[in-house]
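In: this one's sequence-less:
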């Protein structure tokens with residue numbers, strides 16, 4: 001991802017539209033880099049860490065507390081999607097690819113639309129920058145007083161700063177907020193660079209937000225909530241950069257800790273113990289495998305306020321790709337292959353083993369096929385296998401020139417047609 005520069009467009013449009021803003025690419029990674037030697041640290045018991053299932057929170061809404069003002073109105077998703085359509089029409093007319101609606105950005109935009117009913121500005125009512133509403137937000141347009149998506153889009157497109165945001169080639173995602181309060185529509189666009197997952201368009205409904213207006217009072221009485229883990233970068237060979245997001249106000253006294261498990265949460269290593277600077281970490285394990293990463297946050301020194309979210313990462317430094325597909329040649333069956341990133345001096349060996357799930361469930365010998373360890377003239381090894389009816393797992397392995405296992409992946413498939 002290339003770095004995006006901050007841009008501020010100064011406009012003179014009275015009180016109806018705000019400036020078009022763009023944020024930097026990522027927030028600063030505050031934690032020291034995890035050493036490449038790996039995660040050889042103390043094991044944390046499951047009881048100490050707690051249940052890792054279903055703990056990640058995606059909400060950008062905060063709990064009612066001192067320092068908040070309640071804002072009630074209607075969230076118009078229907079109008080938000082009208083704006084999306086018009087944005088993509090404008091982008092198509094200017095040779096830019098369409099933006100996809102992101103569910104998280106959309107909810108953040110709805111919250112921002114509620115916030116600008118209190119303070120019409122790119123600074124939030126709590127004094128924070130607008131981009132703190134979501135780690136996915138890189139640009140913002142705001143407006144109010146326009147009664148239709150067509151009117152607000154016309155106004156934005158007639159403003160240089162807003163137009164630049166709408167047509168920016170760096171953006172791939174968008175969240176649109178439309179909040180109706182006291183006979184006035186409030187509009188927000190948040191722009192992102194992620195690839196959103198598809199989701200169903202919500203229906204319009206009434207909503208009440210507790211908007212933070214006094215950060216000092218709120219910092220004393222708010223309930224800490226997780227907003228999930230944000231992935232800034234991830235590579236199967238070189239590790240990841242992630243951050244722990246919460247609803248804590250800016251300058252709140254928050255501590256963070258990080259843990260990793262290679263057995264789906266049965267046991268844990270500590271990556272970073274409680275540290276106010278560990279909001280984000282860069283990490284890479286020293287051994288291949290699939291890992292569950294847990295981030296925790298708490299008000300400084302107060303375990304009763306701990307919140308947690310999880311993230312999954314696969315470290316596969318040697319395997320570039322695997323393939324399983326029907327074979328249309330003589331005899332039929334499945335064409336199965338493995339590819340490595342490199343094969344120094346053609347000294348790597350490759351192996352594919354197939355396990356019959358039915359035999360395994362019956363307690364019988366279940367490894368029904370193997371290629372054995374085979375060399376390859378390039379970086380790929382292929383085999384054809386004719387399975388019986390059933391369910392299978394294929395284990396893909398690569399060994400180095402000394403015969404050491406340096407990577408493996410497991411992939412399930414079925415032959416039930």
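Out: Cool, the structure landed. None of these values were measured; they are calculated from a predicted model. Residues are numbered from 1 along each chain as shown.
In: show me where pLDDT drops low in the stretch 201-350 of the chain?
Out: Applying pLDDT under 70 to the stretch 201-350 of the chain flags the ranges 218-221, 249-251.
In: can you give me the strands for the stretch 101-250 of the chain?
Out: 139-144, 173-181, 184-192, 205-212, 226-235, 239-246 (DSSP state E, counting those that start in this stretch).
In: right, so of those, which gets closest to residue 74?
Out: The minimum distance between residue 74 and these falls on strand 173-181, with 4.4 Å, by C-beta to C-beta. For every residue, glycine as well, the C-beta is placed using N, CA and C.
In: quick one: residue 153 from residue 168, how far?
Out: Per C-beta to C-beta, to the nearest Å, residue 153 is found 15 Å from residue 168.
In: more neighbours, these two?
Out: Shown here are residue 153 and residue 168; by other C-beta atoms under 10 Å, residue 153 has more neighbours (24 against 20).
In: what residues are up against that one?
Out: Residue 153 makes contact with 83, 86, 87, 90 under the criterion C-beta atoms under 8 Å, 6 or more residues apart in numbering.
In: Just the ones of these in helices?
Out: If you go by DSSP state H, the contacts of residue 153 have 83, 86, 87, 90 in helices.
In: Between all of those residues, which two are separated the most?
Out: Pairwise over the ones in helices among the contacts of residue 153, using C-beta to C-beta, the maximum falls at 83 and 90, 10.5 Å.
In: Which one's more surrounded, those two?
Out: Neighbours per residue, other C-beta under 10 Å: of residue 83 and residue 90, the larger number sits with residue 83, 27 against 16.
In: pretty sure the more buried one is touching residue 185, no?
Out: No: between residue 83 and residue 185 there is no contact under C-beta atoms under 8 Å: 11.0 Å.
In: hey, where'd the helices end up in the stretch 251-400 of the chain?
Out: Ranges of helices within the stretch 251-400 of the chain are 357-361, based on DSSP state H, counting those that start in this stretch.
In: hang on, I meant the stretch 1-150 of the chain
Out: With DSSP H, counting those that start in this stretch as the criterion, the stretch 1-150 of the chain has helices at 46-49, 77-93, 103-115, 149-157.
In: Would you mind giving the orientation angle of the third one with respect to strand 139-144?
Out: Okay, so that is helix 103-115. If you take axes from the mean of the first three to the mean of the last three C-alpha atoms, to 10 degrees, helix 103-115 sits at 40 degrees to strand 139-144.
In: burial count for the nearest residue to residue 234 once chain neighbours are set aside?
Out: Closest residue to residue 234 apart from its sequence neighbours, by C-beta to C-beta, 6 or more residues apart in numbering: residue 240 at 4.1 Å. Using other C-beta under 10 Å, residue 240 has 21 neighbouring residues.
In: In contact with residue 240, which residues?
Out: With C-beta under 8 Å, 6+ apart as the criterion, the residues that contact residue 240 are 231, 232, 233, 234, 282, 283, 284, 311, 313.
In: beta partners of the fifth one?
Out: Think residue 282. Beta bridges link residue 282 to residue 241 when assigned by DSSP bridges.
In: From residue 238, how far out is it?
Out: Distance, residue 282 to residue 238, by C-beta to C-beta: 10 Å.
In: likewise the second one?
Out: As for residue 232, its distance to residue 238 is 13 Å (criterion: C-beta to C-beta).
In: again, but for residue 134
Out: 26 Å.
In: out of the two, which sits in the more crowded spot?
Out: More crowded of residue 134 and residue 238, by other C-beta under 10 Å: residue 134, with 24 against 12.
In: I figured the more buried one hits residue 106, correct?
Out: No: with contact defined as C-beta under 8 Å, residue 134 does not reach residue 106; the gap is 9.9 Å.
In: list the residues that contact both of these two?
Out: Common neighbours of residue 134 and residue 106, counting by C-beta under 8 Å, 6+ apart, are residue 175.
In: Enumerate every residue touching residue 207.
Out: 72, 73, 74, 75, 110, 114, 179.
In: how about those residues, which pair is most distant?
Out: That would be 72 and 110, which, of these, are the farthest apart (C-beta to C-beta) at 13.0 Å.
In: Between the two, which has more neighbouring residues?
Out: Between residue 72 and residue 110, residue 110 has the larger neighbour count (other C-beta under 10 Å), namely 29 against 13.
In: Mind listing the residues bridging to the closest residue to residue 326 other than its chain neighbours?
Out: Excluding its sequence neighbours, the residue lying closest to residue 326 (C-beta to C-beta, 6+ apart) is residue 334, at 6.3 Å. Listed by DSSP bridges, the beta-bridge partners for residue 334 are residue 326, residue 385.
In: Residue 334 and residue 258, how far apart?
Out: Taking C-beta to C-beta, one finds residue 334 at 40 Å from residue 258.
In: distance from the centroid: which residue in the protein tops it?
Out: residue 330 (44.1 Å; C-alpha atoms, centre = their mean).
In: Got the phi and psi for it?
Out: phi -60, psi 130 (degrees, to the nearest 10).
In: give the contact list for it.
Out: Going by C-beta under 8 Å, 6+ apart, residue 330 touches no other residue.
In: And for the one 3 residues further on?
Out: Neighbour list for residue 333: 326, 327, 384, 385, 386, 387 [criterion: C-beta under 8 Å, 6+ apart].
In: Please dump these into CSV; it should also carry neighbour count and distance to residue 196 for every row.
Out: Shown next, in CSV, are these (neighbours: other C-beta atoms under 10 Å; distance: C-beta to C-beta, whole Å):
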residue, neighbour count, distance to residue 196
326, 10, 32
327, 16, 36
384, 14, 38
385, 19, 37
386, 11, 41
387, 16, 37
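In: ok, the residues you listed vs residue 366, which is closest?
Out: residue 387 (12.9 Å).
In: Now do the buried residues in stretch 369-377.
Out: Buried residues in stretch 369-377, counting neighbours by 16 or more other C-beta atoms under 10 Å, are found at 369, 371, 376.
In: ok, those vs residue 198, which is closest?
Out: Of all the buried residues of stretch 369-377, residue 369 has the smallest distance to residue 198: 36.8 Å, by C-beta to C-beta.
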